[in-house]
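Peer 1: Okay, predicted coordinates and the sequence, questions at the end:
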Amino acid sequence: MIRGALIGMIFKHNLSLPASERSGSSEAVSIMGADIERIQQTLQWVLSIVPSIIQVAIALWILNKFLGVAFVGPLVVAIGETRPNEEPLT
């Protein structure tokens, strides 16, 4: 739905431009799909990451409320478990 709405808005804006300003509008219409795809991917990333960050922040706040400074231990373990490209210990 977002993709269709954005493409429609851009196309409508291009049609409302005066002819003198429309000289490069064919390039704008041609790359419109690629730009919309990039916007869509960014929105999907934001919508999947932001709730996770909020959830972790609330969880850490609750741990701090019940455990005090000891909540740093689980935080260190969680950060240590999420390192990318690290070879497993044998």
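Peer 2: Arrived safely.

Peer 1: From here on, just use CA atoms for contacts and neighbour counts.
Peer 2: OK.

Peer 1: From the centroid of this structure, which residue is nearest?
Peer 2: V46 (2.5 Å; CA atoms, centre = their mean).

Peer 1: Return the distance of it relative to I53.
Peer 2: 10 Å (CA to CA, to the nearest Å).

Peer 1: could you say what helices and strands the helix or strand hosting Q41 packs with?
Peer 2: Using DSSP states H and E, Q41 sits in helix 25-67. In terms of contacts (3 or more CA pairs under 8 Å, 6 or more residues apart in numbering; DSSP states H and E), helix 25-67 is packed against helix 2-16.

Peer 1: gap between the helix it packs on and the chain center?
Peer 2: Averaging C-alpha positions (CA atoms, centre = their mean, to the nearest Å) puts helix 2-16 22 Å from its chain's average.

Peer 1: now the angle between helix 25-67 and that helix, please.
Peer 2: For helix 2-16 against helix 25-67, the angle by axes from the mean of the first three to the mean of the last three CA atoms, to 10 degrees is 140 degrees.

Peer 1: what mean pLDDT does helix 2-16 have?
Peer 2: Taken as a whole, helix 2-16 has a mean pLDDT of 77.

Peer 1: May I have it as CSV, with CA atoms only?
Peer 2: Extracted in CSV, the C-alpha atoms of helix 2-16 (Å, rounded to 0.1, in the frame of the first residue of the first chain):
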residue,chain,number,x,y,z
ILE,A,2,2.8,2.4,0.9
ARG,A,3,4.6,1.7,-2.4
GLY,A,4,1.5,2.3,-4.4
ALA,A,5,0.7,5.5,-2.6
LEU,A,6,4.2,6.9,-3.0
ILE,A,7,4.4,6.1,-6.7
GLY,A,8,1.0,7.7,-7.2
MET,A,9,2.0,10.8,-5.3
ILE,A,10,5.3,11.2,-7.3
PHE,A,11,3.6,10.6,-10.6
LYS,A,12,0.8,13.1,-9.8
HIS,A,13,3.4,15.7,-8.8
ASN,A,14,5.3,15.1,-12.1
LEU,A,15,2.0,15.6,-14.0
SER,A,16,1.3,18.9,-12.2
